[in-house]
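Asker: could you look at this predicted model? Sequence included:
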Amino acid sequence: MPRKSWVSQLRPQKIPFRRRFARASVALIFRKTEDGGKELLFIQRARRAGDPWSGDMAFPGGRLQSEDASARAAAQRETLEETGIDLSRHGRYLARLSDLITRHHSRWRPMVVTPYVFEWRGPKAVSPNHEVERAVWVPLDYLAAGENQSQLPWRTPLGTLNLPCCHYLDSCIWGLSYSMLQELLEMISETGRELEP
């Protein structure tokens, strides 16, 4: 009997009653390099006053709108708006990761975020819009290496927390993006498979 691929083995955690919450979705997009490696796309958010995640590294995505047919469609639409990457034309959908809970940018209401994994097979150029300061392709091997994992001190009224993160050049990947990345890397490691459907 043939071994199942890592996508078919994936069993993401879906938050119960998620449709009753505000929802957002993001796209984890990887591409193959000429030397046979793989890179994952991150965006650095534009710096804006009042935005708690201003300047942070993230995956492209955003909130669901009434015209979106699904959370995955929202991730594709937001990716096109933010980066110019058209996943419906040159992307190959691979998997859905687990739901995560965060909050609205401007209020403390909960919001459910759903990540989707795609392979990019289109042009190399990325065209960030006003919401994005820059787009960065990071080697997957670098993201998986233990020596590149670190901690980010985060001050709270109760003291300082040391949050797990990954530094790349002058950027820091942490928070929800780091959690999504770790689930992706763990899934690949557990199944012993490459990013293939």
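Answerer: Received, thanks.
Asker: please count neighbours and contacts with C-alpha atoms only from this point.
Answerer: OK.
Asker: could you check which helix or strand contains Ser177?
Answerer: Following DSSP states H and E, the helix or strand that holds Ser177 is helix 175-191.
Asker: gap between that helix and the chain center?
Answerer: Offset of helix 175-191 from its chain centre (CA atoms, centre = their mean, to the nearest Å): 10 Å.
Asker: which positions within it qualify as buried?
Answerer: Gly175, Ser177, Tyr178, Ser179, Met180, Leu181, Leu184, Leu185, Met187, Ile188 (16 or more other CA atoms under 10 Å).
Asker: a markdown table for these, including distance to Ala27 and pLDDT?
Answerer: A markdown table is the format used below for the buried residues of helix 175-191 (distance: CA to CA, whole Å; pLDDT from 0 to 100):
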| residue | distance to Ala27 | pLDDT |
| --- | --- | --- |
| Gly175 | 16 | 93 |
| Ser177 | 11 | 96 |
| Tyr178 | 13 | 96 |
| Ser179 | 14 | 95 |
| Met180 | 10 | 96 |
| Leu181 | 11 | 97 |
| Leu184 | 12 | 94 |
| Leu185 | 15 | 93 |
| Met187 | 16 | 81 |
| Ile188 | 17 | 82 |
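Asker: can you put these in a markdown table and add distance to Gln44?
Answerer: Shown next, in a markdown table, are the buried residues of helix 175-191 (distance: CA to CA, whole Å):
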| residue | distance to Gln44 |
| --- | --- |
| Gly175 | 14 |
| Ser177 | 11 |
| Tyr178 | 14 |
| Ser179 | 17 |
| Met180 | 16 |
| Leu181 | 15 |
| Leu184 | 20 |
| Leu185 | 21 |
| Met187 | 25 |
| Ile188 | 25 |
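Asker: residues touching the spatially most central residue of the chain, list them.
Answerer: Nearest residue to the geometric centre of the chain (CA atoms, centre = their mean): Phe59, 3.7 Å. Residues counted as contacts of Phe59 (CA atoms under 8 Å, 6 or more residues apart in numbering) are Val26, Ala27, Leu28, Leu41, Phe42, Ile43, Ser177.
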